[in-house]
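Q: sequence and predicted structure, then a few things I'm wondering about:
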Amino acid sequence: MRGAGSLDETWRRALYAFAAAVLLFALGAVVRPGFVRPDSILAVLTVAVFVGLVAAGQTFVILIGGIDLSVPWVLNAAAILLATSSGGSDARAFSALLLTLGMGAAVGAVNGLGIAFLGVPAVVMTLAMNGIMEGLTLGLSGGMTCASCASYAPPAIQALAHGVFLFLPTALWLWLAVIAIVSFILGATVFGRATYAIGTNLRASELAGLRVRATIIGLYALSGLAAALAGIMLVGFGGQASLGMGEPFLFQSIAAVVIGGASILGGRGHYLGSVAGAICLVALISVLLAMNMAEYGRSIIYGVIILVLLLLYGRESRES
Amino acid sequence: MPPRAARRSLLAHAIARNIGLVLVIFLLVFSIFLYGLIYGLTEGRLPGGFELTSTVNNTMPLVLAAMAQTLVVLTRGLDLSVGGVVDLANALGAISLGATPARMALASAFILLAGAGLGLVNGILVAYGRLQPILVTLATLSIYQGLAIRILPQPGGAVPEGYTALLTNPSVPAALLYVVLLGLFWTAFRRSQAGIAIIAIGNDEGAAAANGINPLRAKLLAYTLSGFFAAAAGLFLVATATAGDATTGNGYTLTSIVAVVLGGVSLFGGRGSAIGAMLGAFVTTMIVNILFFAHIDPLYQSFYEGAFLVIAVVLAEGLGRFVRKRR
């Protein structure tokens, strides 16, 4: 068992991320008085769902010191696959949903296989997989010129992304469910314990008899699954799929995990922290948009704020 | 005196130690052969001087970006801001390169210095801020890209013909000279005290510090040089394109990592050569050329590039293990 002190430390970082999110909302209220009305807060949180879902997968793999750079095109492929395979009809929505989620998990599992069995560094494997998925998506859809490429997401899925249930948007309910499931997996299962152990010391985990390779494959499969789910929600939200819709989510998902206090080297972090990180990022972008900041200004301030947050609580200890 | 058996395996030892370099040379020869074959079959003649010149000119920015990435990867880091610095140098070049040679020289020097400064910022944050390199450069990438768009909101600007002729002459493969110079620079640098320090901290920072190497200074130097070379990549990019665009450099973050990996530089630091990374840059370009002349649907291009990257890395890993076992 690790000392209670280090666990407290990680939770404290997650709390800082929540505090930063609250601070950003307060800043938004100063800039634009309507910013903290309940409906606009809910709107910001709904947009944070997409980053938050991708960040769930990114949390899984970052906890073992890995990274998933294949997120953009797994997400994009999922969005296009859902729209084309369902053809926009509710009758085929369920099978399309299963097919899309299965595709995401399978692609993630291939990432895991390459990393666990072929010894390819995670950065290289998932970077290459991003290229492979980009090529397949562009090629098979003929550059989005295929007959079914203009299909809309099935109405049921659009309703899932837009609907309201018991005062909250259904997208938020979905996120709450994902938060509960991911926190349960990481905190209360053998799989979750193995994840933290591998992230802390891979060799020791092997010697202790943990099923290291199977766990690695499972974690990357979960990351692919999360990216596919985000793609499904995104196409449900926007109605149609488009090329390049996954690009912003790579850096945002990594930033969300790190702002949430996880160590990029593995072994330390919680999904609740990543959730706070995702809310932080989306709140920040919303505040900057509310200030009518030009794109270049948003890009600069975005980078500066991430640096400031990292300097405040993301520093490595001096002994190494 | 080494024992007789050890001396006999000196060649095997040298190959095992430079397995990454050996493999990238093999990859380059193989890809050039395949390119010549496919070119010959589709065009009815062998590629000549024009093909050589355009290949070298198109690869120059990636060669420099690979050099930039190598320096940071050797310290067990990763520089995601390479693309941002390339963008910034590209944008600055498009607006500031004047008509006179003196103006061009002055502007180029300023841009290279600015690149070194941006790299130094990364280095300070990594060394003194004690932040993970991948996170620092993720944030500065966003900042540098923002600055580049601020400087050049729309593609445009102009590059004087003389500048293009000097850096990436479109009629003779003179840019090969720069590749040779970079190779010579690297050969001298890795034997210098600074070069040894950078490789040593990538191998084992604690042990390097115990042996009198200052890890902070080595990191600052690696990141500063990385920014310098990334800015040079931006200048070569603006010279080949003859106009500026503040976003074309974005791709160099990822392609420089690909070149470094193909070149046999270990992402875990301390092992590898910038010469390998530069050859890796040429392999990357040759693959694009092969796909083009094989009339592969350009939509599938990234698929083949990605598949090739995995296969090359798996082969390198397998071959390295094989050679080590035989030794």
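A: Arrived safely, thanks for sending. Numbers count the residues shown, from 1 in each chain, chains lettered A, B, ... in the order given.
Q: isn't residue A:63 up against residue A:271?
A: No - if you go by Cβ atoms under 8 Å, residue A:63 and residue A:271 don't touch, sitting 9.2 Å apart. (Glycine included, C-beta is placed from N, CA and C.)
Q: more crowded one of the two?
A: Neighbour count, other Cβ atoms under 10 Å in any protein chain shown: between residue A:63 and residue A:271, residue A:271 has more, with 28 against 25.
Q: what is in contact with residue A:63 and residue A:271 at once?
A: Counting by Cβ atoms under 8 Å, 6 or more residues apart in numbering or on different chains, the shared contacts of residue A:63 and residue A:271 are residue A:186.
Q: then the helix or strand harbouring residue A:296 to CSV, C-alphas only?
A: Using DSSP states H and E, the element containing residue A:296 is helix A:295-313. Provided in CSV are the C-alpha atoms of helix A:295-313 (Å, rounded to 0.1, in the frame of the first residue of the first chain):
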residue,chain,number,x,y,z
GLU,A,295,-8.5,33.3,-32.1
TYR,A,296,-4.8,34.1,-31.6
GLY,A,297,-5.4,35.7,-28.2
ARG,A,298,-7.4,32.6,-27.1
SER,A,299,-4.6,30.4,-28.2
ILE,A,300,-2.0,32.4,-26.3
ILE,A,301,-4.0,32.8,-23.1
TYR,A,302,-4.9,29.2,-23.2
GLY,A,303,-1.3,28.2,-23.2
VAL,A,304,-0.3,30.7,-20.5
ILE,A,305,-3.1,29.6,-18.1
ILE,A,306,-2.1,25.9,-18.5
LEU,A,307,1.5,26.9,-17.7
VAL,A,308,0.4,28.9,-14.7
LEU,A,309,-1.7,26.0,-13.4
LEU,A,310,1.2,23.6,-13.9
LEU,A,311,3.6,25.9,-12.1
LEU,A,312,1.2,26.3,-9.2
TYR,A,313,0.7,22.6,-8.5
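Q: that one: which residues count as buried?
A: For helix A:295-313, a neighbour-count test (16 or more other Cβ atoms under 10 Å in any protein chain shown) marks A:296, A:298-303, A:305-307, A:309-310 as buried.
Q: can you pick out the most distant pair from the residues you listed?
A: Farthest-apart pair in the buried residues of helix A:295-313 is A:296 and A:310; separation 21.7 Å (Cβ to Cβ).
Q: quick revisit: tell me the mean pLDDT for the helix holding residue A:296?
A: Per-residue pLDDT over helix A:295-313 has a mean of 86.
Q: what lies in contact with that helix?
A: Outside helix A:295-313, the residues that touch it by Cβ under 8 Å, 6+ apart are A:12-13, A:16-17, A:20, A:255, A:258-259, A:261, A:280, A:284-285, A:288-289, A:293, B:125, B:129, B:131, B:135-136, B:138-143, B:145-147, B:149-150, B:153.
Q: how about the residue in the stretch 1-150 of chain A positioned nearest to chain B: what's its closest non-neighbour residue?
A: Nearest to chain B, among the residues of the stretch 1-150 of chain A, is residue A:135, at 2.4 Å (Cβ to the nearest Cβ). Excluding the flanking residues, the one nearest residue A:135 by Cβ to Cβ, 6 or more residues apart in numbering or on different chains is residue B:303, at 2.4 Å.
Q: name the element that neighbour belongs to?
A: Using DSSP H and E, residue B:303 sits in helix B:301-326.
Q: what's the angle between whichever helix or strand residue B:36 is part of and helix B:301-326?
A: Secondary-structure assignment from DSSP H and E places residue B:36 in helix B:19-43. Relative orientation of helix B:19-43 versus helix B:301-326 (axes from the mean of the first three to the mean of the last three Cα atoms, to 10 degrees): 140 degrees.
Q: nothing else from me, thank you.
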